[in-house]
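Colleague: With the sequence up front, the predicted model follows.
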Amino acid sequence: MARKARQRISYVLPLADSAGGHRLGVNGLAVDSDNSILYSGGRDGVICAWDLHLDLKCATIPDYDEKLSARPETTLRAQVQAHTHWINDIALVHSNQALVSASSDITVKLWRPAATDRVPPQPIGFHSDYVKTLAVPSPTSDWIASGGLDRKICLWDLGGAGQTLCIDVGEDEAGSLSSKEKGSVYALAATNNLLASGGPESTVRVWDARTGKRITKLVGHTDTIRDVLVSQDGSTIMTASSDRTVKVWSTVAGRCMYTLTMHDSSVWSLFSASPDLAVFYSSDRSGLIAKNDTRDAVEFDEGLSVAVAQEHEGVHKLVVAGDSIWTATSRPSINRWRDVNTEHAEIDLPESYNPHRASVISTKSRYSSPPAQRDVHPTTNGSLKRKIPLKHMLRLSNAVYFPSPATVDGEHRASIVDTKKTPPSPEAGTMQPVRAQPDYSVVGQNGLIKHVMLNDRKRVLTLDTAGEVLMWDLLKCVPIRSYGKRHLEDVQKEVATTATVANWCTVDTRTGSVAVILEENSCFDAEMYADDLELDEDIDFRDDQRINLGKWVLRYLFSNLITEETRRDQVFRRQLLSTNEQQRLQRANAPLSIQLPQLHMNGWHQAASGPPSASTLRPTNGAIKLNTPGFSIGHATPAVYSSPTRSIPSMNPLSPTAEEGAPLDRRISQQSGSQTSQPRQSSDRNSDYFSSSRLPNTELMSPGSVSKLPVTPGEGTGDNTPPIGEGTPRDTPSKEGLFGKKFRMGMSFSGMKKIGRVQTNDKDKPTVVEEKEEEVESDSRSSKTSNSRVVDDNLLGTVQKIRFAYEDSLHAQLQNHQAHQNGLPVPTPGPIDVPSAVTPSLPAETPVLKPPLNTTILIQEDRPEAGGVADLFEGTVGSLGEQCDQLERAAPMWLGEVLLRNQIPFKDIVKISFVLEPWENALPSIANDGNNRLNANRMLRTKKILAYVAERIEPQQPEAESDPNAMRPDEYLELWCQNQIVPVTMTLATIRSHLWRGGGDIILYYKANGKKEILHAPQPTSSIPVTSRSTASSALGP
């Protein structure tokens, strides 16, 4: 059986007064034109849906010089924390009804923002490294492709069927060891039949989307491929690269057809809504946004390239819809720019520029004549071609004509631009974007980008994107102080303390917020003294009480869950008792009536005479057989079998016992209520008449009962039954309860040898190995029940174990009541009750905390095969009660044990070794033999050590113990380390890290401060001084 993956708990502290929007840079954009919604995915792991309030279907793209009117503002529609790491790409699917996101948390998730059930994004697939890109073949497709740094392209079924195809790009270059390290997928595009991928090795690979086989490999770029587009028919592929070029490839010819050079820096993003890529947009590292139109060009590289806008930093993603362009950068804001109409447009050349091209030899232009000399063709609306000034134009390709400044005839020919060799054109330095400012900006929030954990392990300093330093309390989950715009290191020096606390959590700010991660093997390691904590409420703690930080914060993060589980526990116990009462009154398969005995010796009335019986007799119409005590076996028929649920009637009518008369009415009421008297049929023998639980045998042992020695059949008659108490101790309760080992030995009939074996004394009684199977089958012992019942390995398993214990407790109480009613010498039982076993920690142990209700709670699971963690559950502190069922299935069992039973996982105490010596031998040594090397819990305080010293060097003074004004040892003794006095509240861990600052045993010196005269204790003559580590640890305390 595979070992269950390790789970961890994470909680994310909410930002104070945080409005909607991203806190870190935005990496992904997608537009739903039908509903006018913009979706964005950021480095904070958040997906936002924005209402654009624009008519994107009927929008008209304005000319470059058209006066722009004001348009509505963009508002936040919805926001969800989809991932716990950067979102690298998003894509709309299912006709814009769902959104898929790819993240560095190695997951691919699908979110349905319009769904009524408000289900958060659900994972549809996992990679084994960062997922970098997504590709959708069409808006109505039923699959999506994802690529990542694990060198794999995976196809995922959007209906929930999981992975349908996996392409291992790293295995594509077989035979080369170094090639397997290549293949990371940075860019991906898809049609229904093919996939195109690119990455850091500068190669474009084309794959069959149905079989996963590589169709071809396109080589030509000289740097990382950043983005890929594929035409609708799959004949053309366009790639953007860090080599500052955009290449156009033919899948039919298998080669590069055009190289476009309109950018002067790394090209990061491409977008096109044209099926044949005739109009496409590109952006680069410098922030330039270019619109490229080739609709009127004879060749692809003869089109126009217009500089639409200039961002302040690199554009990671751009999308276009209607008349607008949206850009995503490393800032949390999203800018909207007005598009520029380039349909049937041409360059408007100034007079200073030569309208004629250079020689054909030098330019190799594909133009038959310069654009300025073209015939003017009317546009579709009858007007002349729109002209765009040259200052807004970019040179689409170095291989074709581009206008240059006019030259003087006598000027040297070298001044003519050689378009084949010269890099940027002369106008490059004066290029001006058409749109100087964005049309609208969706403003983001300030996110956290850096943090420092302080020594006390409960406070952390953070730095946000605005440069402000904040201090956070990890236990209260709130910011507690702002230090303004300062250097983080400077503030750290001011607020640092000498406290040394074990590392109980991990903090990261990679999503712009403080995320605290708790692991099972470390989150309960840290403790702090209650008097060192700043608590809002006055609580009386015991002296030197320590509080476990992990248990403390978990107790109140999941307080709503505990409240809900407590409520459910009360309902379950009430139902359990009610069901038991109903079963007692109305039993299944109960006989409609019984025939009462007709003899004069009536076993139902107390007035009858006769010897007392150990249990109530059943009506038998006078037919009674003699039984072997403890086995319900007739003396003459040792092979007859009988179980505790079937009693063979005895042969002799016996007089009733005292307890058999009074409860008659109650026992009759347990029947179905029918008064028809009919003989009991043999089919009724399997049903238990007198109780819903198994009726104990007359001779069975119960707690506090007197044991009777069973007699082997054939060794005597019924009159030879040994007297009570012979050979067995009286009033010794069985260690295993009513249905203990003795009962199961009495139940065994696999061989007669066991019966003889039972006759030995308890201390000489051998172990009966043959009865293991019956022990497992018995449901009366909680320990065996726990082994035989299957519980889930999650928080629900803790609830199941508690409920099984309730059932066992109720069953034991019923048996005890039945035994008491049968006259067995058991303690008088009280009323049947099942006390609650849900015992969360009390405020005296974990003082009340009130974390914000919007604090995010995550249950995550390690995925070693995937190289990261997967989210199993997401909720908030305020919603955990409503999500109880989901949380029970996702949370680990150790969390349930901590919350519901106040039990933390066992772990060995970390101890520190130290040596105690008197300062300059002014005081006696603590050890007679000179071995003063001790060890103790690392949380041991100095005053405990001084108390130990005082106990060893001073004589016992009983009157001082009762004196309330007596000085404490830490008031007249001092502890020194490295020539520094040790504060009385300092722990061993702090002494080691801040005073000793080294390895090996800590050397501590004790001396008197003169406030009290120390009466030296006489040197002990005992040969057992406190020298051993174990003894010292015990004396020093925990």
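Modeller: On my side now, so go ahead. Residues are numbered from 1 along each chain as shown.

Colleague: and the gap between Lys1011 and Tyr972?
Modeller: Distance from Lys1011 to Tyr972, counting by Cβ to Cβ, to the nearest Å: 4 Å. (C-beta placed from N, C-alpha, C; glycine too.)

Colleague: more crowded one of those two?
Modeller: Using other Cβ atoms under 10 Å as the criterion, Lys1011 and Tyr972 rank with Tyr972 on top: 16 against 10.

Colleague: mind checking pLDDT for that one?
Modeller: What the model reports as pLDDT for Tyr972 is 90.

Colleague: Any regions of the stretch 751-900 of the chain where pLDDT drops low?
Modeller: Along the stretch 751-900 of the chain, segments meeting pLDDT under 70 span 751-788, 865-867.

Colleague: Do you have the strands of it handy? List them.
Modeller: 856-863, 868-876 (DSSP state E, counting those that start in this stretch).

Colleague: can you list the ones you listed in TSV and add mean neighbour count and distance to Ala161?
Modeller: TSV is the format used below for those (neighbours: other Cβ atoms under 10 Å; distance: least, Cβ to Cβ, whole Å):
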stretch	mean neighbour count	distance to Ala161
strand 856-863	19	20
strand 868-876	21	18
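
Colleague: Does anything pack onto the host helix or strand of Glu917? Which helices or strands?
Modeller: Using DSSP states H and E, Glu917 sits in strand 911-918. Using 3 or more Cβ pairs under 8 Å, 6 or more residues apart in numbering; DSSP states H and E, the elements in contact with strand 911-918 are strand 933-937, helix 988-990, strand 1002-1008.

Colleague: Most tightly packed of the ones you listed?
Modeller: Ranked by mean neighbour count under mean count of other Cβ atoms under 10 Å, these are led by helix 988-990, which reaches a mean of 23.

Colleague: Check the average confidence over that helix, would you?
Modeller: Averaged over helix 988-990, pLDDT sits at 92.

Colleague: List the contacts of that helix.
Modeller: 498-502, 912, 914, 936-940, 1002 (Cβ atoms under 8 Å, 6 or more residues apart in numbering).

Colleague: let's see 7 Å
Modeller: With Cβ atoms under 7 Å, 6 or more residues apart in numbering as the test, helix 988-990 has contacts from 498-500, 912, 914, 936, 938-940.

Colleague: do the same with stretch 274-290
Modeller: Residues from elsewhere that reach stretch 274-290 (Cβ under 7 Å, 6+ apart): 229, 231-232, 236, 238, 240, 246, 262-263, 265-272, 291-295, 305-315, 318, 320, 325, 327, 337, 394.

Colleague: Quick one: buried ones out of those residues?
Modeller: Neighbour counting over the contacts of stretch 274-290 (16 or more other Cβ atoms under 10 Å) leaves 229, 231, 236, 238, 240, 246, 262-263, 266-272, 291-294, 305-311, 314-315, 318, 320, 325, 327, 337, 394 as the buried ones.

Colleague: Around Lys493, how many other residues sit close by?
Modeller: Neighbourhood size, Lys493 [other Cβ under 10 Å]: 8.

Colleague: tell me which element it is part of?
Modeller: Judged by DSSP H and E, Lys493 forms part of helix 488-495.

Colleague: on that earlier part again, out of the helices and strands packed on strand 911-918, which gets nearest to Glu66?
Modeller: helix 988-990 (71.1 Å; Cβ to Cβ).

Colleague: Tell me how far the residue lying closest to Gly878 once chain neighbours are set aside lies from Leu76.
Modeller: Sequence neighbours aside, Leu853 is the residue nearest to Gly878 in space, at 3.3 Å (criterion: Cβ to Cβ, 6 or more residues apart in numbering). Using Cβ to Cβ, Leu853 is found at 20 Å from Leu76.

Colleague: So which of the buried ones among the contacts of stretch 274-290 sit within strands?
Modeller: Judged by DSSP state E, the subset of those located in strands is 229, 236, 238, 240, 246, 267-271, 291-293, 305-310, 318, 320, 325, 327, 337, 394.

Colleague: so Tyr11 bridges to which residues?
Modeller: Tyr11 has these beta-bridge partners by DSSP bridges: Val516, Ile857.

Colleague: Tell me the pLDDT of it.
Modeller: 95.

Colleague: which residues does it contact?
Modeller: Contacts here follow Cβ under 7 Å, 6+ apart; on that basis Tyr11 touches 516, 557, 855-857.

Colleague: Could you tell me the angle between whatever helix or strand Asn88 lives in and strand 317-321?
Modeller: Element membership of Asn88 [criterion: DSSP H and E] is strand 87-93. For strand 87-93 and strand 317-321, the angle between their directions (axes from the mean of the first three to the mean of the last three Cα atoms, to 10 degrees) works out to 20 degrees.

Colleague: Give the other helices and strands that strand 87-93 contacts.
Modeller: If contacts are counted by 3 or more Cβ pairs under 7 Å, 6 or more residues apart in numbering; DSSP states H and E, strand 87-93 sits against strand 26-32, strand 37-42, strand 98-103, strand 131-135.

Colleague: what does the last one contact?
Modeller: Outside strand 131-135, the residues within contact range by Cβ under 7 Å, 6+ apart are 88-89, 91, 100, 102-103, 106, 108, 144-149, 185-190, 195.

Colleague: could I have that strand exported to PDB, CA atoms only?
Modeller: C-alpha atoms of strand 131-135 as PDB (Å, rounded to 0.1, in the frame of the first residue of the first chain):
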ATOM      1  CA  VAL A 131       2.900  25.500 -16.300                       C
ATOM      2  CA  LYS A 132       3.800  28.400 -18.600                       C
ATOM      3  CA  THR A 133       1.300  28.500 -21.400                       C
ATOM      4  CA  LEU A 134      -2.100  27.400 -22.700                       C
ATOM      5  CA  ALA A 135      -3.600  26.900 -26.200                       C
END
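
Colleague: Just the angle for it relative to strand 87-93, thanks.
Modeller: 20 degrees.

Colleague: Any buried residues in the next helix or strand after strand 131-135, and which?
Modeller: Following strand 131-135 in sequence order, the next helix or strand is strand 143-148 (DSSP H and E). For strand 143-148, the neighbour count (16+ other Cβ under 10 Å) marks 143-148 as buried.

Colleague: How about stretch 790-806?
Modeller: By neighbour count on 16+ other Cβ under 10 Å, the buried set for stretch 790-806 is 794-804, 806.
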